[in-house]
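Novice: give me the fold of what follows.
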Amino acid sequence: MEMVINLAAEDVYEIMSKLIKYYKGNVSGVSYDALSVLNLALLKEHEAEIQSLKQEIIKLGGSPKKSQAQINLINI
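Specialist: Residues are numbered from 1 along each chain as shown. All right, here's what the predicted structure looks like:
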């Protein structure tokens, strides 16, 4: 049996109303294609912030640790 996960449009609206689709003035669902684009943009922002924080750690004399995901990428 395939698992299907859906988001409640009302919950999404509270966070990002631009992701809501309407039909005849009523909420009809979530724009999942727009959600994917938004997620990609947020991932890029988070990666930039992580890199900035790592540089700050180095400036303070520390050594940032690699995450398990980064270690896995290195071992591929």
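Novice: now the chain, which segments are flagged as low pLDDT?
Specialist: By pLDDT under 70, the weakly predicted segments of the chain are 66-76.
Novice: pretty sure Ser28 is in a strand, no?
Specialist: Yes - applying DSSP: H, G, I helix; E, B strand; the rest coil, one finds Ser28 inside a strand.
Novice: correct me, but it touches Tyr22?
Specialist: Yes - the criterion here is C-beta atoms under 8 Å, and Ser28 meets it with Tyr22 at 5.9 Å. Every residue, glycine included, has its C-beta placed from N, CA and C.
Novice: could you point out the longest helix in the chain?
Specialist: Longest helix of the chain, by residue count under DSSP state H: helix 32-59.
Novice: any idea how far that one is from the chain center?
Specialist: 8 Å (C-alpha atoms, centre = their mean, to the nearest Å).
Novice: again, but for stretch 4-18
Specialist: 14 Å.
Novice: between the two ends of it, how far is it?
Specialist: End-to-end span of stretch 4-18 (C-alpha to C-alpha, to the nearest Å): 23 Å.
Novice: return the set of buried residues in it.
Specialist: Residues of stretch 4-18 classed as buried by neighbour count (16 or more other C-beta atoms under 10 Å): 9, 12.
Novice: contact partners of that stretch?
Specialist: For stretch 4-18, contacts defined as C-beta atoms under 8 Å, 6 or more residues apart in numbering pick out 19-21, 27-30, 34-35, 38.
Novice: between the residues you listed, which is nearest Glu56?
Specialist: The nearest member of the contacts of stretch 4-18 to Glu56, counting by C-beta to C-beta, is Leu38 at 26.9 Å.
Novice: do I have it right that the closest one meets Leu19?
Specialist: Yes - the criterion here is C-beta under 8 Å, and Leu38 meets it with Leu19 at 7.0 Å.
Novice: compare the two (neighbour count), which wins?
Specialist: A direct count of neighbours by other C-beta atoms under 10 Å for Leu38 and Leu19 places Leu19 higher, at 19 against 14.
Novice: which residues touch that one?
Specialist: Going by C-beta under 8 Å, 6+ apart, Leu19 touches 12-13, 30-31, 34-35, 38.
Novice: burial of Tyr22, as a residue count?
Specialist: Tyr22 - counted by other C-beta under 10 Å - has 10 other residues nearby.
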